[in-house]
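Enquirer: how would this look folded up:
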Amino acid sequence: MLDVRYEAVTDLAPGRLAEIDEDRGRIRVRLDQSAPLADVVRQLNTEITRLLCSAHWFQLWKDEIVSRDTPGRPLRIEYRLEAREGRGTCVEERKGLVTVYIDPSLDAAGFAAAMNPVTENFLDGGQWFQLYAGEIIDNSPEPNKV
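Expert: The predicted structure is shown next:
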């Protein structure tokens, strides 16, 4: 099962405004709650690019698997501080590109709170998976461990 959570925090290293931590089936996106959201979003774009360069994440688009190395459509996620006509914070997905539109009226804590249900809904679509230590993790329920 994939679990992506956003958190507004106060304990990032000095100079860090966003940090992404990855483990098996899990991503934690930690945001500096006291920094201006525009600054946080700039660093978040750098951090998400770094994560995708690890080549552990893939998008299933129709019958094609899209990765960071897909010619002509390398997998990207872009955070944009931009309203989407009455939709607030939302995600739009195309082949090789996920765009996260962030309501500019939010602060980092509001953005984190808005992203958690949006991300859960997005992952429920079943188009993403992680390759972790040779295991494919998707949004299927985990088997019961004995």
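
Enquirer: okay, CA-based contacts and neighbour counts for the rest of this
Expert: OK.

Enquirer: please enumerate the strands of this structure.
Expert: Secondary structure of the chain, counting by DSSP state E: strands at 3-9, 18-23, 26-32, 57-61, 64-66, 76-81, 90-94, 97-102, 128-132, 135-137.

Enquirer: for the third one, the distance to its chain's centre please.
Expert: In terms of CA atoms, centre = their mean, to the nearest Å, the gap separating the centre of strand 26-32 from the centre of its chain is 9 Å.

Enquirer: so which residues make contact with it?
Expert: Strand 26-32 has contacts (CA atoms under 8 Å, 6 or more residues apart in numbering) with 2-12, 16-22, 40, 108-109, 112.

Enquirer: buried subset of these as a ChimeraX selection?
Expert: Selection of the buried residues among the contacts of strand 26-32 in ChimeraX, burial being defined by 16 or more other CA atoms under 10 Å:
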select :2,3,4,5,6,7,8,9,17,18,19,20,40,108,109,112
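
Enquirer: ok, back up a step: reformat the strands of the chain as TSV; add distance to residue 46.
Expert: Below are those laid out as TSV (distance: least, CA to CA, whole Å):
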stretch	distance to residue 46
strand 3-9	16
strand 18-23	9
strand 26-32	12
strand 57-61	16
strand 64-66	20
strand 76-81	9
strand 90-94	18
strand 97-102	14
strand 128-132	20
strand 135-137	24
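
Enquirer: where's the closest residue to residue 141 other than its chain neighbours relative to residue 105, distance?
Expert: Closest residue to residue 141 apart from its sequence neighbours, by CA to CA, 6 or more residues apart in numbering: residue 1 at 5.5 Å. Separation of residue 1 from residue 105 (CA to CA, to the nearest Å): 32 Å.

Enquirer: when those two are compared, which one has more neighbours?
Expert: Higher neighbour count among residue 1 and residue 105: residue 1, with 15 against 12, using other CA atoms under 10 Å.
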